[in-house]
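Student: Sequence and predicted structure below; questions after.
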Amino acid sequence: MSTPQLERLGGYCERLRLHRVGAELSTLLEQAAKKDLSYSDFLDEVLGLEVQSKHEKHLAMRVSMARFPFHKTLEAFDWKFQPSINPKVIKELATGRFIADGENVLLLGPPGVGKTHLAVALGLRACELGLRAMFTTAAGLIATLGKALYENRLEERLKLLTQPKLLIIDEIGYIPIDRQGANLFFQLVSRRYERGSILLTSNQSVGAWGEVFGDTVIASAILDRLLNHATTVNIKGESYRLKEKRRAGLLRANAATDAPAELAATPG
Ligand code: ADP
Ligand code: MG
């Protein structure tokens with residue numbers, strides 16, 4: 001192929017934003033000649049490469065916009081360690097149907113049982129499905145809303161928080177929420193009601209949310225909206241963090257205060 005033609009093709013790729021094909025043009029052409037590809041096989045390879053590359057780029061962008069605290073997948077989750085979770089329920093959630101239907105998810109359980117892990121894994125699944133997700137902690141969310149209220153930009157902030165198809169709010173219940181915080185949280189939940197999914201994690205059962213929000217009336221108004229279309233997963237069991245520590249020999253058996261006696265006595 002002549003150099004002017006190669007340059008022209010490079011220019012076409014640029015104008016059509018076929019960046020990956022543009023970058024690999026000469027190699028693709030060389031290999032096609034070597035392998036004696038048919039016209040259709042060549043086109044298949046070239047367009048397939050660009051589609052794949054665009055998919056990867058968009059996925060990376062969605063994942064970075066979601067601001068996950070870490071990247072953990074469902075494949076990395078040890079289901080045997082947490083038998084109180086029915087894997088079928090989580091696998092159904094992983095299809096993304098709940099997001100398409102604007103339904104909510106509550107992951108409830110004590111510390112270390114994998115709530116954040118599962119929340120992130122489902123968020124990553126949403127990104128893979130081409131949906132926008134956003135991860136925040138309850139404390140971070142309430143601080144952001146409080147700041148927006150103070151700066152007279154609450155409406156703008158609520159709009160932004162309504163855009164992602166899936167909003168993950170981690171760690172409800174660790175820090176008590178004041179009256180203004182509860183009010184702002186209620187406004188957000190109302191705004192997203194039946195429009196976009198919320199996935200919440202909490203170390204407190206919903207019965208204790210009156211205390212978490214400092215007001216039983218507002219807590220029940222929040223729960224009323226959240227639970228109307230929702231999947232609740234109650235996780236019971238031992239902390240995975242403690243298991244890891246024990247395995248590493250950092251924790252003596254009798255030091256595992258929140259572990260059942262028979263597990264605490266397990267050597268190693
Ligand atoms: P929680 O949010 O419930 O406090 P995390 O999801 O943060 O707990 O889990 C604590 C750590 O243990 C994380 O590193 C997480 O990946 C890991 N973990 C928890 N449960 C499991 C599990 N069943 N299989 C694999 N890793 C787990
Ligand atoms: Mg957590």
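Tutor: That came in fine, so what should we check first? Numbers count the residues shown, from 1 in each chain. Ligands and ions are numbered 1, 2, ... in the order given.
Student: Sketch out the low-pLDDT regions of this structure for me.
Tutor: Counting by pLDDT under 70, the chain contains low-confidence ranges at 250-268.
Student: List the buried residues in the lengthiest helix in it.
Tutor: With residue count as the measure and DSSP state H as the assignment, the chain has helix 39-66 as its longest helix. For helix 39-66, the buried set under the neighbour-count rule, 16 or more other Cβ atoms under 10 Å, comprises 42, 45-46, 50, 53, 62-63, 66. (C-beta placed from N, C-alpha, C; glycine too.)
Student: Stretch 95-104 now?
Tutor: By 16+ other Cβ under 10 Å, the buried positions in stretch 95-104 come out as 96, 98-99, 102-104.
Student: Assign Arg8 to helix, strand or coil.
Tutor: Secondary structure of Arg8, reduced to three states by DSSP: H, G, I helix; E, B strand; the rest coil: helix.
Student: which bits of the chain sit near ligand 1?
Tutor: Contact residues, the chain versus ligand 1 (Cβ under 6 Å from any ligand atom): 72, 76-78, 81-82, 111-117, 240-241.
Student: Which of the residues you listed are buried, as a PyMOL select command?
Tutor: Written as a PyMOL command, the selection of buried residues from the residues of the chain next to ligand 1, which uses 16+ other Cβ under 10 Å, is:
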select buried, resi 72+77+82+112+113+114+115+116+117+240
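Student: Now for the residues of the chain next to ligand 1: which two are most distant?
Tutor: With distances taken as Cβ to Cβ, the most widely separated pair in the residues of the chain next to ligand 1 is Ala76 and Pro111, at 19.0 Å.
Student: Now do the helices in the stretch 151-268 of the chain.
Tutor: Read by DSSP state H, counting those that start in this stretch, the stretch 151-268 of the chain holds these helices, from start to end of the chain: 154-162, 179-192, 209-212, 216-228, 240-247, 261-264.
Student: Correct me if wrong: Ile175 contacts Ala143.
Tutor: No - using Cβ atoms under 8 Å, Ile175 is not in contact with Ala143, being 10.1 Å away.
Student: Now, the residues of the chain next to ligand 1 that are in strands?
Tutor: With strands defined by DSSP state E, no entry of the residues of the chain next to ligand 1 lies inside them.
Student: Identify, from the residues of the chain next to ligand 1, the entry nearest to ligand 2.
Tutor: Thr116 (3.2 Å; Cβ to the ion).
Student: what's near enough to touch the closest one?
Tutor: In this structure, Thr116 makes contact with 69, 170-171, 201, judged by Cβ atoms under 8 Å, 6 or more residues apart in numbering.
Student: can the helices of the stretch 151-268 of the chain go into a markdown table with extra columns for distance to Gly22?
Tutor: Conversion of those to a markdown table gives the following (distance: least, Cβ to Cβ, whole Å):
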| stretch | distance to Gly22 |
| --- | --- |
| helix 154-162 | 35 |
| helix 179-192 | 41 |
| helix 209-212 | 54 |
| helix 216-228 | 48 |
| helix 240-247 | 46 |
| helix 261-264 | 57 |
